[in-house]
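K.L.:
A predicted structure for the sequence below; I have some questions about it.
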Amino acid sequence: MNINEFDFELPEELIAQQPLKERDQSRLLVMNTKEETIAHEQFHQIEDYLEAGDCLVLNNTKVWPARLIGEKKETGAGIEVLLLQQEGDKWETLVKPAKRVKPGTVVTFGDGRLTAECTKVLEHGGREMVFTYDGIFLEILQELGEMPLPPYIKEKLEDQDRYQTVYAEHYGSAAAPTAGLHFTTALLERLKAKGVRTAHLTLHVGLGTFRPVSAETVEEHDMHAEFYHLPQETAEILNETKSAGKRIIAVGTTSARTLETVAGKQENKFMEARGWTDIFIYPGYTFQGIDALLTNFHLPKSTLVMLVSALAGKEFLFRAYGEAIRERYRFFSFGDAMLIHSGGNNE
């Protein structure tokens with residue numbers, strides 16, 4: 001498949017620059033893939049589409065305040081460093097401007113409270129940086145770092161917590177699992193009272209998720225790897241849900257990719273698992289781990305829009321995207337949501 005099959009025109013003014021005042025007041029486009037119908041709701045009305053025994057699977061990763069603004073020790077030139085992946089005090093990073101940062105370059109942050117030396121130029125153009133500091137790295141990062149918002153968001157985010165889900169727990173992501181940003185604690189409590197179960201897993205989101213596919217065909221694309229952990233408690237809840245004939249609903253493509261990775265290891269049964277996944281889901285894929293998906297609207301020609309096309313059907317998905325554009329839905333990280341399902345429970 002040519003990647004241009006996953007392209008679409010999006011008016012720039014539909015790219016949401018700020019989150020709404022209330023998380024659950026976003027709009028919700030509901031796609032029923034069995035009936036091929038589209039409904040327009042408010043996000044809090046997701047209650048109407050969930051039944052007792054259904055299980056929402058939430059990614060509890062937490063975004064690092066991973067954007068650091070420093071200066072080159074030798075010259076004082078401004079350098080931006082984005083932390084991607086940690087190995088002790090060594091990090092894989094993206095730096096701007098990259099041409100100023102060669103092996104041996106030292107960058108300082110916060111009047112020298114934190115320093116980083118470039119030790120290697122990486123294949124994708126990133127830099128390996130080794131950090132030195134006194135104290136606890138995360139505490140320093142929380143003081144000096146900024147939330148690494150996607151490049152299509154041009155406005156400053158005043159409340160940093162709005163780029164975290166209300167259930168975020170484990171630091172490790174360079175970007176938020178944005179489908180979960182719509183949930184409030186009160187909404188989750190109402191769903192629990194209705195008998196809807198929740199289960200947590202962790203997938204630390206890397207920036208590779210948002211990189212455009214550079215290959216000409218989908219099949220040639222080399223997918224990035226991300227770390228995941230599906231705990232034993234979650235595996236048990238998922239197995240109980242399947243045994244009862246109820247639905248597993250992934251909240252976000254990150255949860256979906258994790259569930260499909262683990263489901264593929266042992267047919268018809270979930271088990272505790274951790275590791276790195278580079279699963280690439282595109283049309284033609286047969287889903288084993290999920291029955292429905294809650295997600296935001298994604299970038300043209302992205303691996304995420306390919307994943308959603310695999311579940312909804314490409315033609316139906318792009319019909320829904322066209323309707324969302326006509327109805328002036330808000331797109332991308334701070335935008336509105338869509339629920340893709342095939343009707344009631346699989347009883």
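P.N.:
Received the coordinates, thanks. Residues are numbered from 1 along each chain as shown.
K.L.:
Domains in the protein, by residue range?
P.N.:
Listed by automatic domain parsing, the domain ranges of the chain are 3-63+159-341, 67-144.
K.L.:
Columns distance to residue 153 on top of those domains, output as TSV?
P.N.:
Where you see a C-beta, it was placed from the backbone N, CA and C, and this is true even at glycine. Compiled in TSV, the domains of the chain are given as follows (distance: least, C-beta to C-beta, whole Å):
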stretch	distance to residue 153
domain 3-63+159-341	6
domain 67-144	12
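K.L.:
winner for burial among those?
P.N.:
Scoring the domains of the chain by mean neighbour count under mean count of other C-beta atoms under 10 Å gives domain 3-63+159-341 as the most buried, with a mean of 19.
K.L.:
Do me a favour and get the end-to-end distance for it?
P.N.:
25 Å (C-alpha to C-alpha, to the nearest Å).
K.L.:
Include mean pLDDT when you put the domains of the chain into JSON lines, please.
P.N.:
Converted to JSON lines, these look like this (pLDDT from 0 to 100):
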{"stretch": "domain 3-63+159-341", "mean pLDDT": "95"}
{"stretch": "domain 67-144", "mean pLDDT": "93"}
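K.L.:
Which one of the ones you listed lies nearest to residue 151?
P.N.:
In terms of C-beta to C-beta, the element of these nearest to residue 151 is domain 3-63+159-341, at 8.4 Å.
K.L.:
And the closest one, how far out from the chain middle?
P.N.:
Centroid separation between domain 3-63+159-341 and its chain, computed with C-alpha atoms, centre = their mean, to the nearest Å, is 8 Å.
K.L.:
Could I get the full set of strands for the stretch 1-150 of the chain?
P.N.:
Applying DSSP state E, counting those that start in this stretch to the stretch 1-150 of the chain gives strands spanning 27-32, 37-42, 55-59, 61-63, 67-72, 78-87, 90-96, 106-109, 114-121, 127-133.
K.L.:
quick one, which of those is nearest to residue 288?
P.N.:
Closest among those, using C-beta to C-beta: strand 55-59, at 13.9 Å.
K.L.:
can you list contacts of stretch 39-54?
P.N.:
Stretch 39-54 is contacted by residues 23-30, 32, 56, 182, 187, 190-191, 194-197, 241, 244, 246-249, 294, 327, 336-337, 339, 341, 344-345 when judged by C-beta atoms under 8 Å, 6 or more residues apart in numbering.
K.L.:
among the strands of the stretch 1-150 of the chain, which is nearest residue 308?
P.N.:
Among the strands of the stretch 1-150 of the chain, the nearest to residue 308 by C-beta to C-beta is strand 27-32 (9.4 Å).
K.L.:
Neighbouring strands - and their directions - for the closest one?
P.N.:
Strand 27-32 has the following strand partners under DSSP bridges: strand 37-42 (antiparallel), strand 337-341 (parallel).
K.L.:
ok, residues contacting it?
P.N.:
Contacts to strand 27-32, defined as C-beta under 8 Å, 6+ apart, come from residues 37-43, 45-46, 49, 312, 316-317, 320, 323-324, 329-330, 336-343.
K.L.:
check contacts around residue 19.
P.N.:
Taking C-beta under 8 Å, 6+ apart as the test, what residue 19 contacts is 157, 162, 163, 181, 334.
K.L.:
go again using 6 Å as the cut-off
P.N.:
Counting by C-beta atoms under 6 Å, 6 or more residues apart in numbering, residue 19 touches 162, 334.
K.L.:
Equivalent analysis for residue 185, please.
P.N.:
Contact analysis of residue 185 by C-beta under 6 Å, 6+ apart lists residue 166.
K.L.:
Dihedrals phi and psi, it?
P.N.:
The phi/psi pair for residue 185 (degrees, to the nearest 10) reads phi -60, psi -40.
K.L.:
repeat for residue 161
P.N.:
phi -70, psi -20.
K.L.:
For residue 62, see how far away it is.
P.N.:
Distance of residue 161 to residue 62, given as C-beta to C-beta, to the nearest Å: 11 Å.
K.L.:
For residue 38, list each beta-bridge partner.
P.N.:
Applying DSSP bridges, one finds that residue 38 bridges with residue 31.
K.L.:
That one and residue 18: what is the separation?
P.N.:
When distances are taken as C-beta to C-beta, residue 38 and residue 18 turn out to be 26 Å apart.
K.L.:
just residue 187 next, same as before
P.N.:
From residue 187 to residue 18 the distance is 20 Å (C-beta to C-beta).
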